[in-house]
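Asks: Next comes the sequence, and after it the predicted model I'd like to discuss.
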Amino acid sequence: SFALPLPLHFYQLSYVNPATPTFCTWWTFFEFTLYVTSEYLMATISVQRHMLIFHGHFLRISWMRIVLHYLPLLLCLIYPMMFYFFAIILYPCDGTQWDYTSNLCGFGDCYLLFNKALGTFDWSFNNGLPMVINALANIALIVRVVRQKRRFQHALTWRQHRRMTVQLLAISSLYIIAWAPSLIVGLVQILGYPTFLAQIQTDFFLDLIYVVCLFLPWVYLSLLPELIKWIKELLHYRQGRNLVGPTRTIQLETRL
């Protein structure tokens, strides 16, 4: 993941390097934009999965495919970048609030520290809302799939989309597990209890977000049986080649 090198560099040194306001500003802008974009994409894809499985005929119409599929995905890419560009890059700040001994410079963005309304909007709308939509969309998908699976006419459709549905549920669950603790604690802190689980939030919950980057490739791998089979065959083939060499050498020495 593109977001991991900077935190790893911080944990290696135990301080921010370079320790400048400009670096902290662009670091938080980059990381916030990347994570909120991934949250919105996951929520949007979770909703679009309903349309693909149960109302796929809509996507065969060109203009509806653009409006209902491509346009929401494009907004997921543009909106977070625009929001954090104004909230972080252009927000007036003197740069003295950064903590160079904490990851992400102590999350010292001025809009989070000094603008309660904007900070609450960010945590609730940009982070909390996508997680709620993600969870509700996947719960609804499970309910609809179970109900539709009982009907004979939808059995073929379910078999066609079963793997994609299971994959989406696994990835969505990973996002929810990683984000839910920090979102809940962060919202409570912004609403008037700034010391609520502050140490646990800094030491554990905020780092739990990186679980998505670390485990997402393994989730994909576990849901691709063809790839797993190919890897096993490749390993078995290499082991076979390693065993053939010594066997031939022994036979040659025996003949001599």
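Replies: Yes, it's here.
Asks: where along the stretch 151-256 of the chain do the helices fall?
Replies: 155-190, 198-200, 206-208, 211-222, 225-255 (DSSP state H, counting those that start in this stretch).
Asks: rank those by mean pLDDT and give me the bottom one.
Replies: Lowest mean pLDDT of the helices of the stretch 151-256 of the chain: helix 225-255, a mean of 58.
Asks: Would you mind splitting this protein into its domains for me?
Replies: Annotated domains of the chain cover 5-223, 231-256 [automatic domain parsing].
Asks: Go through those domains and pick out the most buried.
Replies: Stretch with highest mean neighbour count among the domains of the chain: domain 5-223 (a mean of 16; mean count of other Cβ atoms under 10 Å). To be clear about C-beta, it is placed using only N, CA and C from the backbone, and glycine gets the same treatment.
Asks: chain center to that domain, what's the gap?
Replies: 6 Å (Cα atoms, centre = their mean, to the nearest Å).
Asks: show me where the stretch 1-150 of the chain has helices.
Replies: Using DSSP H, counting those that start in this stretch, the helices of the stretch 1-150 of the chain run over 5-13, 21-54, 62-65, 71-84, 110-114, 116-121, 129-149.
Asks: just so I know, which of these lies nearest residue 191?
Replies: Nearest to residue 191 among the helices of the stretch 1-150 of the chain is helix 116-121; the distance by Cβ to Cβ comes to 6.8 Å.
Asks: Which other helices and strands does the closest one contact?
Replies: For helix 116-121, the contact count by 3 or more Cβ pairs under 8 Å, 6 or more residues apart in numbering; DSSP states H and E identifies helix 110-114, helix 155-190 as packing neighbours.
Asks: which helices and strands does the longest one pack with?
Replies: So that's helix 155-190. Packing partners of helix 155-190 (3+ Cβ pairs under 8 Å, 6+ apart): helix 21-54, helix 116-121, helix 129-149, helix 206-208, helix 211-222.
Asks: can you tell me which of the ones you listed the model trusts least?
Replies: For the helices and strands packed on helix 155-190, mean pLDDT drops lowest on helix 211-222, to a mean of 75.
Asks: same for that one, what does it pack against?
Replies: Against helix 211-222 (3+ Cβ pairs under 8 Å, 6+ apart) you get helix 155-190, helix 225-255.
Asks: between that helix and helix 155-190, what angle do the directions make?
Replies: 170 degrees (axes from the mean of the first three to the mean of the last three Cα atoms, to 10 degrees).
Asks: how far away is the nearest residue to residue 144 once chain neighbours are set aside from residue 135?
Replies: Distance criterion Cβ to Cβ, 6 or more residues apart in numbering; nearest residue to residue 144, sequence neighbours excluded, is residue 54 at 6.7 Å. As judged by Cβ to Cβ, to the nearest Å, residue 54 and residue 135 stand 19 Å apart.
Asks: contacting residues for the residue nearest to residue 21 when sequence neighbours are not counted?
Replies: Closest residue in space to residue 21, ignoring its immediate chain neighbours: residue 95 at 3.1 Å, by Cβ to Cβ, 6+ apart. Neighbouring residues of residue 95 by Cβ atoms under 8 Å, 6 or more residues apart in numbering: 21, 22, 24, 25.
Asks: and what of residue 88?
Replies: Taking Cβ under 8 Å, 6+ apart as the criterion, residue 88 is in contact with 25, 28, 29, 32, 109, 111.
Asks: re earlier: with distance to residue 213 as extra columns, can I get the contacts of residue 95 in TSV?
Replies: Formatted as TSV, the contacts of residue 95 follow (distance: Cβ to Cβ, whole Å):
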residue	distance to residue 213
21	26
22	25
24	21
25	22
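Asks: Which of these lies at the shortest distance from residue 75?
Replies: After measuring the contacts of residue 95 against residue 75 - Cβ to Cβ - the closest member comes out as residue 25, at 24.8 Å.
Asks: in terms of contact, does the closest one touch residue 89 like I think?
Replies: Yes - using Cβ atoms under 8 Å, residue 25 makes contact with residue 89 at a distance of 6.5 Å.
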